[in-house]
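Undergrad: Kindly return the folded structure for what I paste below:
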Amino acid sequence: MTGAGGVLTGRTALVVGANGLLGRAIATALGHAGARLVLAARTAADLRSLEEELRSAGIEAESMPTDITEDIGVRTLVERAATAGMDIAVNNAGAAHRPAPLGDLALEEADRVLGVTLRGTLVAMHYELPALPSGGTVVNIASTAGIAGAPGMSAYVAAKHAVVGLTRTAALDYAERGIRVNAVAPGSVESGGTAAQPEEVRRRIGSFSPMGRIGTAEEVAAAVLWLASPASSYTTGAVLTVDGGRGARGA
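TA: Numbering: from 1, shown residues only. Sure thing, here's the model as predicted:
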């Protein structure tokens with residue numbers, strides 16, 4: 001089904017980081033809800049594939065290859081999205097590193113993770129927020145690692161904590177302008193490195209959740225869709241966890 005009559009009909013969504021399982025699921029959910037899409041990621045081939053897939057489903061989409069670490073490219077992307085009528089921006093910028101104690105983590109790796117995950121999100125928001133109209137909304141993809149610690153993941157955890165801080169601060173700064181800023185914090189879901197693990201490993205990871213399984217990219221996308229839609233019109237500065245209840249256990 002296409003998005004005709006959907007909750008986002010008549011709206012335009014910029015999806016930064018529209019590659020990978022999670023980015024594709026987010027773009028698909030927004031598109032099926034009626035949004036016109038501007039898709040961005042570093043890899044042109046992935047974007048073309050997604051754009052063709054969405055168009056074949058009757059969803060209006062255009063793609064623009066963009067490296068989130070290049071400020072001029074991000075500015076150009078946001079200008080293009082604003083010209084298309086952007087009133088939703090989803091920032092799914094992120095990079096991880098191999099687990100290692102902080103003293104063993106290569107500083108080059110830390111710089112890479114912080115540059116993509118933190119600075120990339122910050123720069124995207126820097127250009128998006130002034131370009132959004134009243135009633136516009138930003139949804140950042142954080143992580144449960146942005147709420148609590150994770151052994152061996154110091155740079156990733158620091159970056160995702162910072163994304164949560166950016167989200168909450170921007171929500172305060174832009175509330176009077178009618179712009180909402182929220183974040184989704186996935187736990188273990190079928191995306192990125194988790195999806196690449198053997199089935200036995202994924203079952204073990206899922207067993208740590210009270211729901212006894214790993215989440216899906218589509219379940220995270222559904223949370224993004226809610227925050228991007230008028231259904232969440234009184235919600236800003238929120239961090240919505242999608243973790244199967246694991247965070248409810250506390251530390």
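Undergrad: Give me the helix or strand of the protein that scores worst on average pLDDT.
TA: Every helix and strand in the chain was compared by mean pLDDT, DSSP states H and E; the lowest is helix 192-195, with a mean of 64.
Undergrad: quick one, what contacts residue 81?
TA: By CB atoms under 8 Å, 6 or more residues apart in numbering, the residues touching residue 81 are 12, 14, 38, 89, 131. For every residue, glycine as well, the C-beta is placed using N, CA and C.
Undergrad: give me that answer again for 6 Å
TA: 14, 38 (CB atoms under 6 Å, 6 or more residues apart in numbering).
Undergrad: That one belongs to a helix?
TA: Yes. Counting by DSSP: H, G, I helix; E, B strand; the rest coil, residue 81 falls inside a helix.
Undergrad: Report pLDDT for it.
TA: pLDDT recorded at residue 81 is 98.
Undergrad: likewise residue 122?
TA: Residue 122 carries a pLDDT value of 98.
Undergrad: quick one: secondary structure of it?
TA: Going by three-state DSSP: residue 122 is helix.
Undergrad: burial of it, as a residue count?
TA: When neighbours are counted by other CB atoms under 10 Å, residue 122 registers 15.
Undergrad: For it, give its distance to residue 128.
TA: 11 Å (CB to CB, to the nearest Å).
Undergrad: Show the residue spans covered by the strands in this structure.
TA: 12-16, 36-40, 61-63, 86-91, 137-141, 180-186, 239-242 (DSSP state E).
Undergrad: Now tabulate those in JSON lines and tack on mean neighbour count.
TA: JSON lines is the format used below for those (neighbours: other CB atoms under 10 Å):
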{"stretch": "strand 12-16", "mean neighbour count": "28"}
{"stretch": "strand 36-40", "mean neighbour count": "27"}
{"stretch": "strand 61-63", "mean neighbour count": "21"}
{"stretch": "strand 86-91", "mean neighbour count": "26"}
{"stretch": "strand 137-141", "mean neighbour count": "27"}
{"stretch": "strand 180-186", "mean neighbour count": "26"}
{"stretch": "strand 239-242", "mean neighbour count": "19"}
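Undergrad: Now tabulate these in a markdown table and tack on distance to residue 167.
TA: Formatted as a markdown table, these follow (distance: least, CB to CB, whole Å):
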| stretch | distance to residue 167 |
| --- | --- |
| strand 12-16 | 14 |
| strand 36-40 | 19 |
| strand 61-63 | 25 |
| strand 86-91 | 9 |
| strand 137-141 | 5 |
| strand 180-186 | 4 |
| strand 239-242 | 7 |
